[in-house]
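Student: Give the three-dimensional model of this entry:
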Amino acid sequence: MIESTRYPDKVFRELLVNACVHRNYAIHGSRIRILQFDDQIEFISPGRLPNTVTIEKLKNGVSYAVNPVIVKFMENLRYIDKLGRGIPMVCHEAGRLGFEPVFQEAGEEFQVILPLKNG
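Tutor: Residues are numbered from 1 along each chain as shown. Model (predicted):
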């Protein structure tokens, strides 16, 4: 029997906040999408990684505020504690469950895939 995985709520919150804060709002007609499948959840946000930020740097806590006004707003609402700590936390929590999240750029979108099942 294949068991489903339960990530802590803070993982979903982090990925949702990131999708809102770091998306490229200049790309009209595209939306943030969250897709749930039997074996994974995908978080898709319009826009590519900014400047010199790479996927490896993200995993190590490098962050760049694409939309600083939205970042400040989210900080005031206490959705953001400190820039750069969220993705390492997501990686840690996934690893604790025996998974590795997938981060990738696909065209003009950034995608995070959280595995839900082993095997």
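Student: For the biggest helix by length in the chain, list every residue counted as buried.
Tutor: For the chain, the longest helix by residue count, based on DSSP state H, is helix 9-22. Of all the residues in helix 9-22, those buried under the rule 16 or more other C-beta atoms under 10 Å are 11, 14-15, 17-22. Using the backbone N, CA and C atoms, a C-beta is placed for each residue, glycine as well.
Student: for that helix, packing partners?
Tutor: For helix 9-22, the packing partners by 3 or more C-beta pairs under 8 Å, 6 or more residues apart in numbering; DSSP states H and E come out as strand 40-46, helix 68-76, helix 86-96, strand 109-115.
Student: for the buried residues of helix 9-22, which one is nearest Ser30?
Tutor: Ranked by distance to Ser30 (C-beta to C-beta), the buried residues of helix 9-22 are led by Ala19 at 11.8 Å.
Student: residues contacting Val112?
Tutor: If you count contacts by C-beta atoms under 8 Å, 6 or more residues apart in numbering, Val112 has them with 15, 18, 42-43, 90, 101-103.
Student: buried subset of those?
Tutor: Those of the contacts of Val112 that meet the buried threshold are 15, 18, 43, 90, 101, 103, by 16+ other C-beta under 10 Å.
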